[in-house]
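A.B. asks: With the sequence up front, the predicted model follows.
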Amino acid sequence: MTIIHDQNYPNLDKLLWVMDKLRDPDDGCPWDLKQSFASIVPFTIEEAYEVADAIEHGEPADIREELGDLLFQVVFYARLGKEQALFDFEDIAGQMAEKLIRRHPHVFAQAEFDETEVKANWEAEKAKERADKAGGKVMLLDNIPQALPALTRAAKIQKRCANVGFDWPDTDGVFAKIQEEILEVQEELNRPHVNQQALEEELGDLLFATVNLVRKLKKDPETLLRKANHKFEQRFRQVEQRLTEQHIPLEQASLEQMEEQWLKVKNLKRN
């Protein structure tokens, strides 16, 4: 099979050219031709998570590959926009450049800002952009995408509120709130007849308060939970492997046997 393309294209132009060929009505790829803005959204989300996963594992070749896959998603949207005379890749890149210039006057306008003023200006510009987009005044919590992962969206909601002063001054208040929410969950569980709807609400409040602690400590809850998932998975795999070496099927292992191996794996990792 002979691959036909112009080797002299700069890499970005080559990628745009590839996209044009894939969407060619006569000779393009049938799968690519069937796609729309809505249909490729799940792939975009998946690619973003694969970038995050590659970065966490730290392999440069994997990071480069996954970033390429994510870039292709942008190129795909740009091609769809071009076909519908809405926008193209140049429009996307240009608008992004102008937005960054506007949000960084301390870099591009040679204005003097300290760190606090830089953050305040950034948030003010974002608020102005949201208002312009909505055609006027918007509420503080408008335009936070519903499709975000719940942990990420909770942190964004809390951050918006913190930007206008609705926040605890330190972590003491957050810890107190978490303790309060734990007690309210326990209270629901201790009722003679557990109200499942009320229990779900209290569990949600506990999760939301925990996200607040993570945000307050300037960490990303989605990233931390992903890392915690990975750590648990790796440890449990080792527990399963140790039981297998002892000829104990996982399904037949007692809680005490699993806990014993868990502690050994945990202590081995710690040492």
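C.D. replies: Perfect, I can see it now.
A.B. asks: and Pro145, backbone torsions?
C.D. replies: Pro145 adopts backbone torsions of phi -60, psi 130, taken as degrees, to the nearest 10.
A.B. asks: again with Glu180
C.D. replies: Torsion angles, degrees, to the nearest 10, at Glu180: phi -60, psi -40.
A.B. asks: What sits closest to it if chain neighbours are left out?
C.D. replies: Nearest residue to Glu180, sequence neighbours excluded (C-beta to C-beta, 6 or more residues apart in numbering): Ala209, at 7.9 Å. (C-beta placed from N, C-alpha, C; glycine too.)
A.B. asks: Check Leu199 too.
C.D. replies: Leu199 sits nearest to Glu188 (C-beta to C-beta, 6+ apart), 4.6 Å away.
A.B. asks: Relative to His57, how far out is the one you found?
C.D. replies: From Glu188 across to His57, the span is 40 Å (C-beta to C-beta, to the nearest Å).
A.B. asks: between those two, which one's more packed in?
C.D. replies: Glu188 (18 against 10; other C-beta atoms under 10 Å).
A.B. asks: mind listing what that one touches?
C.D. replies: Going by C-beta atoms under 8 Å, 6 or more residues apart in numbering, Glu188 touches Val194, Asn195, Ala198, Leu199, Glu202.
A.B. asks: does it count as helix, strand or coil?
C.D. replies: helix (DSSP: H, G, I helix; E, B strand; the rest coil).
A.B. asks: Look at it and report its pLDDT.
C.D. replies: On pLDDT, Glu188 comes in at 96.
A.B. asks: cool, Gln241 as well?
C.D. replies: Note on Gln241: pLDDT of 95.
A.B. asks: and it, helix, strand or coil?
C.D. replies: In three-state terms, and counting by three-state DSSP, Gln241 is helix.
A.B. asks: I'd like to know how many residues surround it.
C.D. replies: With other C-beta under 10 Å as criterion, Gln241 counts 13.
A.B. asks: any low-confidence regions in the chain?
C.D. replies: For the chain, the stretches with pLDDT under 70 are 1-7.
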